[in-house]
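[1] sequence first, then the predicted structure:
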Amino acid sequence: MFLDVLRQISRDEIVWFLSRSFAFLRHGDPHGFATRVGQLLRDPMKDVEHMVVLCKGDGWPVAGAYLIAPDVNADVQRLELTQLWFDQEAGDLARLVTEVMAGHPHEVAEVPLQGIPSEPAGCLSAALEGIGFGIEDRRDLVYNLSDVPPVGSPLVLEAWDLEADEEFRAVFEASEGVVSDSRWARLKRWQSPFRPDLWFIARETLDQEAVGYAFTGSNRPSLDGSFYLTAVGVTRPHRGSSDMLKRLVISILQELSALSPLGQIETSLGTNDPKLIDILHSLGFYVSRGYRVLVRDRT
């Protein structure tokens, strides 16, 4: 009995592999376009290390993918799969992706759909939904910290420390619901090493209960630094009105502006939370990019 085999392609198969991917995307001239793209590759020998195919028992490849696996020590444990294709059976692609995920430890796997026509995107979604993938519509938002309004009624922000970790988690769960230990750990290194001075819970006054949280981070803290907003929210008693959330966001913007007056803060939100997108937009955030992605989150 012959078993299906997952293998890396060889150097002379690059154009063939790319042409199969472009054909799956319904390109008018997949081989010609693949030939041109292949000539532009800077390091073909490096690229073939990322290109894998699933071969049937007779050795014929029936599905393929270009994978970018996370380094074992990377803060962001994300496995990204692109250039996906299959010949006839959607199950072949599901089998390939399952094998890839089993061989590369990760917390989240993503298949970007930007630039993919609706028909093949639907085929990918149908092929992978059975192994835990779901479509997310996302919006990347940006705010220039030089535009932070000096007015308002800011909240008192308390930065994280080890002794306060349980309280921070309790405030987060009072806002968003119970999370696993792995999810909590992932939040702390969402885009870079954990910065405890950029994680906050907020209160009206120091002697009152926390009303919300804001978890931020930075890869480049400086005068014109770059920050990101990992998560923000208010506890359930304040969910009925957007006023408290607006005060919280403005308080965070003022805090980060003091650290980096010429900087920016970015965030990525799913359109399943349109209220938060609308609130951020009303405060001056603008959408820099909208896109769809297939996601399988293990945390």
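    Thanks, I have it. Since this is a predicted model, take the numbers as computed values, not measurements. Numbers count the residues shown, from 1 in each chain.

[2] going forward, measure contacts between C-alpha atoms and count neighbours the same way
    OK.

[3] helices of the stretch 151-299 of the chain, residue ranges please.
    For the stretch 151-299 of the chain, the helices defined by DSSP state H, counting those that start in this stretch cover 165-176, 181-188, 243-259, 274-282.

[4] list the buried residues for the second one?
    Right, the one you point to is helix 181-188. R186, K188 (16 or more other Cα atoms under 10 Å).

[5] residues in contact with that helix: which ones?
    By Cα atoms under 8 Å, 6 or more residues apart in numbering, the residues outside helix 181-188 that reach it are R169, F194, R195, T230, T299.

[6] re the thing from before, dump the helices of the stretch 151-299 of the chain into a markdown table; add mean pLDDT as well.
    Formatted as a markdown table, the helices of the stretch 151-299 of the chain follow (pLDDT from 0 to 100):
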| stretch | mean pLDDT |
| --- | --- |
| helix 165-176 | 95 |
| helix 181-188 | 92 |
| helix 243-259 | 94 |
| helix 274-282 | 91 |
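
[7] now S242: how far from I265?
    Separation of S242 from I265 (Cα to Cα, to the nearest Å) stands at 21 Å.

[8] out of those two, which sits in the more crowded spot?
    Set S242 next to I265 and count neighbours by other Cα atoms under 10 Å: I265 wins out with 22 against 14.

[9] and the closest residue to the more buried one other than its chain neighbours, what's its pLDDT?
    Closest residue to I265 in three dimensions, ignoring its sequence neighbours and counting by Cα to Cα, 6 or more residues apart in numbering: F227, at 4.5 Å. At F227, the model reports a pLDDT of 95.

[10] check contacts around F227.
    Counted by Cα under 8 Å, 6+ apart, F227 has contacts T216, G217, S218, N219, R220, P221, G263, Q264, I265, E266.

[11] which among those residues end up buried?
    Among the contacts of F227, those classed as buried by 16+ other Cα under 10 Å are T216, G217, S218, G263, Q264, I265, E266.

[12] got JSON lines for the contacts of F227, with distance to Q8 too?
    Converted to JSON lines, the contacts of F227 look like this (distance: Cα to Cα, whole Å):
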{"residue": "T216", "distance to Q8": "39"}
{"residue": "G217", "distance to Q8": "37"}
{"residue": "S218", "distance to Q8": "36"}
{"residue": "N219", "distance to Q8": "34"}
{"residue": "R220", "distance to Q8": "36"}
{"residue": "P221", "distance to Q8": "40"}
{"residue": "G263", "distance to Q8": "43"}
{"residue": "Q264", "distance to Q8": "41"}
{"residue": "I265", "distance to Q8": "39"}
{"residue": "E266", "distance to Q8": "36"}
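
[13] which of those sits closest to R11?
    Ranked by distance to R11 (Cα to Cα), the contacts of F227 are led by N219 at 35.9 Å.

[14] separation between that closest one and E266?
    12 Å.

[15] cool, D181 as well?
    26 Å.

[16] which non-adjacent residue is nearest G263?
    Nearest non-adjacent residue to G263, counting by Cα to Cα, 6+ apart: D224, 4.0 Å away.

[17] next, give phi and psi for the one you found.
    Main-chain dihedrals, D224, degrees, to the nearest 10: phi -120, psi 50.

[18] pretty sure it contacts Q264?
    Yes: D224 lies in contact with Q264 (Cα atoms under 8 Å); the separation is 7.3 Å.
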